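Enquirer: 3D, please:
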Amino acid sequence: MKSRKKYILFGLLILLAGGFYGLNADISVYSSVLPEVTLLPEPALFEIPETEQLSEAVQDTVKKDTVTPRYPVAKIVPEYKDLKKYYPIDLTTPETIKSEFQYNPLTNRYELRTKIGDSDITTPLSFTPEEYYNYSLRRSMDSYYKGKYAEGFETGEKDKKKDVLSLFDFNFDLGPADKIFGPGGVKLNANGKILTKIGITRTSTGNPTLTERQRNRTAFDFDSQIQANIDASVGDKLNYNMNYNTESTFDFDTKKINLAYKGKEDEILRVLEGGNVSMNTTNSLIRGGQSLFGFKTELQFGKLTVDAIFSQQESQSKSVSSRGNVQTTPFEVAADMYDENMHYFLAHHFYNHYDEAMGSLPYIRSGINIDRIEVWITNRRSNYNEARNIVAFADLAEHDRISSPGFIHPTGQESLPSNKANDLYDNLVNNYPNARDISLVNQIFGATPLEGGRDYEKIENARKLEPSEYHYDSQLGYISLRIPLQSDEVLAVAYAYTYNGSTHQVGE
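Expert: Below you'll find the model as predicted:
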């Protein structure tokens, strides 16, 4: 038992010795890799030790850790030495960081402040006025030359594009003709597109009643769509423009041609145009015109300007106004342009005394007041609710205007319209009682001087108009129909009125 304990204790000692030996080996390896470090004296305040004072191992470590960029970038917070440097490759400063100059009147210096919002993130850089002016001049010159360089680059790109332009785009100088048309030479620019569809349509019909040629038909299907625009100029005075579009909505927009000559400010001939022109005015009393085809010129004689145009208008304008849900169209009607076959005087007396009655407006001096009236016309609606056979006489109730003086004679001295104004009414009632038979009217009056269609008219089943179908003036003695009469219709009126307390009747 004791011998086993001795062997176990001896094994532990061997393991412990091996562990210390391994630990000692690792420490030796690490210590051999570390460089020798030489302690230097403490540098003075704000003094950076030179690289020569370091050991060679430390210098190698510093060189390995230091990265010098090939293209340096500007610092976010500028310094004096950074303001004179140019950085070809740099990132954009964040929008939250802004650097701007502010003038300090107390010190008479310009301060470059770098801020985030309203707070300074560094000590401002101070410039004297001379330093600030020099810095501003240098910045403006740099910006100017950068812009010129960009313009030159864009011009070079345009020149490259000109090499691939079509044959319809060219420009050449005029030489001595520049004195007439101005500088710029001759320029022509054409662009657009043409789409053409060509096909064949064949139609076959199996109708045995048709001939063989009519059963089979072959036709060409041709359709073209053209959109072309040509701009040409000669100098800076003469311009030509043509626009051709087969897909235009209106016909007058399909083809537009304009040739214009524009003079200088001191020339008499300011503008001379031919083709599609327009006329614009500066006031609302005289309206201009659009879509005109002709000639237009603008002349000036000192302060006097003359615009003349000779053209044909190819369009029309129309304005529509509405109020609420109703469309309104204002119009004007002259006094002599009344509605035809709608307004009639009931007798010649009212026609002769119309101006006299209207001479004291707003008061009407006629002395007549129509109490009852009936209006009859030819029945075209087949409405027989209130139909009657009537005979209308043109000279009935007339005293001065009688078309058949041999048969009709005026009675009395009163010129007012009445059945007693002449003897026609009494003669018809007493001597021609059978005239009330509509079938005997033409036979009875055929033996008299009365002529049908001029002195009288018979109407079978005449229709009586409703009060809503006409309007009459009870004092002036005229009637206005709501619907005009046709050329073959007859209008007959019977009415009664009072004059100075007495009642007069016309017709029956």
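
Enquirer: any idea which helix is longest in this protein?
Expert: Longest helix of the chain, by residue count under DSSP state H: helix 129-162.

Enquirer: buried residues in that helix?
Expert: By neighbour count with 16 or more other C-beta atoms under 10 Å, helix 129-162 contains the buried residues Tyr132, Tyr135. C-betas here are computed from N, CA, C, even on glycine.

Enquirer: tell me the helices in this protein, going along the chain?
Expert: 2-33, 56-65, 80-83, 129-162, 178-181, 212-215, 348-352, 354-357, 424-431, 441-445.

Enquirer: which of the ones you listed has the lowest mean pLDDT?
Expert: Sorting these by mean pLDDT places helix 2-33 lowest, at a mean of 48.

Enquirer: residue ranges with poor pLDDT in the stretch 201-350 of the chain?
Expert: 251-252, 283-288, 315, 335-337 (pLDDT under 70).

Enquirer: redo that, cut-off 50
Expert: Residues of the stretch 201-350 of the chain meeting the criterion pLDDT under 50: none.

Enquirer: any regions of the stretch 351-500 of the chain where pLDDT drops low?
Expert: In the stretch 351-500 of the chain (pLDDT under 50), no residue qualifies.

Enquirer: hey, where'd the strands end up in it?
Expert: Using DSSP state E, counting those that start in this stretch, the strands assigned to the stretch 351-500 of the chain run over residues 368-377, 387-393, 456-464, 470-473, 478-481, 491-499.

Enquirer: redo the ones you listed as CSV? Include mean neighbour count and distance to Leu112.
Expert: Below are the strands of the stretch 351-500 of the chain laid out as CSV (neighbours: other C-beta atoms under 10 Å; distance: least, C-beta to C-beta, whole Å):
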stretch, mean neighbour count, distance to Leu112
strand 368-377, 17, 101
strand 387-393, 17, 108
strand 456-464, 18, 103
strand 470-473, 16, 92
strand 478-481, 17, 92
strand 491-499, 18, 101
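
Enquirer: looking at those strands, spot the one closest to Ser140.
Expert: Ser140 sits nearest to strand 478-481 of all these, at 85.1 Å, using C-beta to C-beta.

Enquirer: quick one: distance of the closest one to the chain centre.
Expert: In terms of C-alpha atoms, centre = their mean, to the nearest Å, the centre of strand 478-481 is set 46 Å apart from its chain centre.

Enquirer: against which helices or strands is that strand packed?
Expert: Counting by 3 or more C-beta pairs under 8 Å, 6 or more residues apart in numbering; DSSP states H and E, the packing neighbours recorded for strand 478-481 are strand 343-345, strand 470-473.

Enquirer: quick check: neighbours of the last one in the sheet, parallel or antiparallel?
Expert: Sheet pairing of strand 470-473 (DSSP bridges) gives strand 478-481 (antiparallel).

Enquirer: contacts for the strand it pairs with next, please.
Expert: 341-346, 350, 373, 375, 465, 469-473, 491, 493 (C-beta atoms under 8 Å, 6 or more residues apart in numbering).

Enquirer: chain center to stretch 253-270, what's the gap?
Expert: 24 Å.

Enquirer: between the two ends of that stretch, how far is it?
Expert: With C-alpha to C-alpha, to the nearest Å as the measure, stretch 253-270 spans 27 Å from end to end.

Enquirer: cool, stretch 92-112 as well?
Expert: 19 Å.

Enquirer: report the buried residues of it.
Expert: If you call a residue buried by 16+ other C-beta under 10 Å, then stretch 92-112 has these buried ones: Ser99, Arg109, Tyr110, Glu111, Leu112.

Enquirer: so which of those residues comes closest to Ile402?
Expert: Ser99 (111.9 Å).

Enquirer: ok, Phe250 - how many residues close by?
Expert: Residue neighbour count, defined by other C-beta atoms under 10 Å, stands at 9 for Phe250.

Enquirer: about what we covered before: so which of the strands of the stretch 351-500 of the chain comes closest to Lys148?
Expert: strand 478-481 (83.7 Å).

Enquirer: distance to Tyr132 for the helices and strands packed on strand 478-481 - can I get that in JSON lines?
Expert: What follows is the helices and strands packed on strand 478-481, written out as JSON lines (distance: least, C-beta to C-beta, whole Å):
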{"stretch": "strand 343-345", "distance to Tyr132": "92"}
{"stretch": "strand 470-473", "distance to Tyr132": "92"}
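
Enquirer: nearest to Gly446, of those?
Expert: Ranking these by proximity to Gly446 (C-beta to C-beta) places strand 343-345 first, at 28.0 Å.

Enquirer: which helices and strands sit right next to the closest one?
Expert: The contact analysis (3+ C-beta pairs under 8 Å, 6+ apart) places strand 343-345 against strand 478-481.
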